[in-house]
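Engineer: Coordinates only, no sequence provided:
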Ligand SMILES: CC(C)(COP(=O)(O)OP(=O)(O)OC[C@H]1O[C@@H](n2cnc3c(N)ncnc32)[C@H](O)[C@@H]1OP(=O)(O)O)[C@@H](O)C(=O)NCCC(=O)NCCS
C-alpha cells in the first residue's frame, strides 16, 4: 500500500505535552529551542501540528492566539511559530497546515502575523497583506552617561493592584482583549514594570522583560510617548545582565535610533501582515513592541 502523502496526514491540536516536540522542531529548523515561549503559547493559545510519519516528533507546527473584541477593535487571532521540519520542507506541508488553520479553524476571524522572508510568499498566497514592519534588535544595553528627559518619568515594579489598570490600558492600545495572555505575564516574565504620570494616578505605560534562551525579551512595550518608552526600557535593562531583544515597530524611529545608540544592533526585519482586516486595531502610536512576534 502506498503511504499517504505528507499533506494528507491528520492535523491535530498540540498541548503543553508537546512542548519538547515543538522545541525539537524549532531546533530542527536552526531556530532556538525557546521552550519558555512555546510553553506560554501552548498554554494561552492553540497549537496545531502534524506528527512526522517517520515517528521522529513533529513534521510541522504553528500556534494561534485568539484575542477578544473590545470597543477599540473586532477581535483578532495571531499566528506564529509556523515551522516545517527540514526533511519535509517544500512538499506542500506548510501550505496545507496554514490553509487548514486560516480557512477552516479561523474562517472569518481577522488575522495577523509577523512574517520572516521565508514565510511571506506563502502568507501572501493565503490572502495576507503587509501592513507594517518590525525591526528586531539584540544587544547589551549600555546605560546613559547623562540622563535624558525620560529620567523624569516615574517607573516602578508592578504590583497586584496594577493588573486591572494594565489590562485596561492594554485593551485600549492593542485594540483587542488579551486578558488571558497579559494575566500570565507576572509569572512568565522576570520583570513587569509600570509608568505613571506625576500625580501617580494614571498609568502611562507598562512593559515586561521575559527570559528567552540567552536574552531577555522586552515586550509588550506600551507607552504614551518616546520618553515613557525609554524610561521603561532603561528600568528593565537595569534589572538584567543578559543582552536584550526587542522587536520595534519601524514607525518608532526615535526609539530605534536611541536603542542603537545604547548598544543594540539590528538583526532582522519582519513583515507585519494582516488578513480580513485592513490594519491592526488599537493605537500603534502607543504600541512599541509586541509581547512576542509569535503572538502580537
Ligand atoms: C516557511 C515554511 C513554514 C514553509 O513550509 P513548507 O512546507 O516548506 O512550504 P510549502 O512546501 O507548503 O510551500 C509553500 C510556499 O512557501 C514558499 N516557500 C517554501 N519554502 C521556501 C523557500 N525555501 N524559499 C522560498 N520560498 C519558499 C513558496 O512560495 C512555496 O510555494 P511553491 O512551492 O509553490 O513555490 C518552512 O520553509 C519553514 O519552516 N521555514 C523556517 C521557519 C520559518 O521561517 N517560518 C515562517 C515563520 S513566519
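Structural biologist: That came through, no problem. Here the structure is a predicted model, which means the values were calculated and not measured. Numbers count the residues shown, from 1 in each chain.
Engineer: What residues of stretch 140-150 count as buried?
Structural biologist: Using 16 or more other CB atoms under 10 Å as the test for burial, stretch 140-150 gives 141, 150. Every residue, glycine included, has its C-beta placed from N, CA and C.
Engineer: so who does the residue in the chain positioned nearest to the ligand touch?
Structural biologist: Using CB to the nearest ligand atom, the single residue of the chain nearest to the ligand is residue 94, 2.2 Å away. Contact partners of residue 94, counting by CB atoms under 8 Å, 6 or more residues apart in numbering, are 60, 82, 84, 119, 122.
Engineer: State the mean pLDDT of the helix or strand where it lies.
Structural biologist: Per DSSP states H and E: residue 94 is located in helix 93-99. When pLDDT is averaged over helix 93-99, the result is 97.
Engineer: what distance separates that helix from the centre of its chain?
Structural biologist: Centroid separation for helix 93-99 versus its chain: 21 Å, with CA atoms, centre = their mean, to the nearest Å.
Engineer: what about the strands in the protein?
Structural biologist: Remark: strands assigned in the chain by DSSP state E are 12-14, 46-51, 58-67, 76-84, 111-115, 129-139, 154-157, 191-196, 203-212, 215-223, 244-249, 265-275, 287-289.
Engineer: quick check, the second one touching the ligand?
Structural biologist: Pointing back at strand 46-51 there. No: using CB under 6 Å from any ligand atom, strand 46-51 never reaches the ligand; the gap is at least 10.0 Å.
Engineer: and that strand, what other elements does it pack with?
Structural biologist: Packing partners of strand 46-51 (3 or more CB pairs under 8 Å, 6 or more residues apart in numbering; DSSP states H and E): strand 12-14, helix 19-28, strand 58-67, helix 93-99.
Engineer: got the residues of the stretch 1-150 of the chain near the ligand?
Structural biologist: Checking the stretch 1-150 of the chain against the ligand by CB under 6 Å from any ligand atom, the hits are 29, 82-84, 89-95, 115-116, 118-119, 121-122.
Engineer: Of those, which qualify as buried by neighbour count?
Structural biologist: 82-84, 93-94, 115, 119.
Engineer: Lowest pLDDT pick from these?
Structural biologist: Within the set of these, pLDDT is lowest for residue 119 (92).
Engineer: right, and that one touches residue 82 too?
Structural biologist: Yes: using CB atoms under 8 Å, residue 119 is in contact with residue 82, at 5.6 Å.
Engineer: any common contacting residues for those two?
Structural biologist: Common neighbours of residue 119 and residue 82 are listed as 94, 113 (criterion: CB under 8 Å, 6+ apart).
Engineer: hang on, the earlier thing: got the helices and strands packed on strand 46-51 as TSV, with distance to residue 280 columns?
Structural biologist: Output for those, formatted as TSV (distance: least, CB to CB, whole Å):
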stretch	distance to residue 280
strand 12-14	26
helix 19-28	26
strand 58-67	11
helix 93-99	19
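Engineer: Among these, show me which one is buried the most.
Structural biologist: With neighbours taken as mean count of other CB atoms under 10 Å, the helices and strands packed on strand 46-51 reach their highest mean count in strand 58-67, at a mean of 24.
Engineer: what helices or strands is it leaning on?
Structural biologist: Contacts defined by 3+ CB pairs under 8 Å, 6+ apart place strand 58-67 against strand 12-14, helix 19-28, helix 35-44, strand 46-51, strand 76-84, helix 93-99.
Engineer: Could you name the helices and strands sitting against the shortest one?
Structural biologist: Contacting strand 12-14 under the criterion 3+ CB pairs under 8 Å, 6+ apart are the following elements: strand 46-51, strand 58-67.
Engineer: strand partners of that strand, parallel vs antiparallel please.
Structural biologist: Strand pairing for strand 12-14, using DSSP bridges, gives strand 46-51 (antiparallel).
Engineer: Please consider this matter closed, and thank you.
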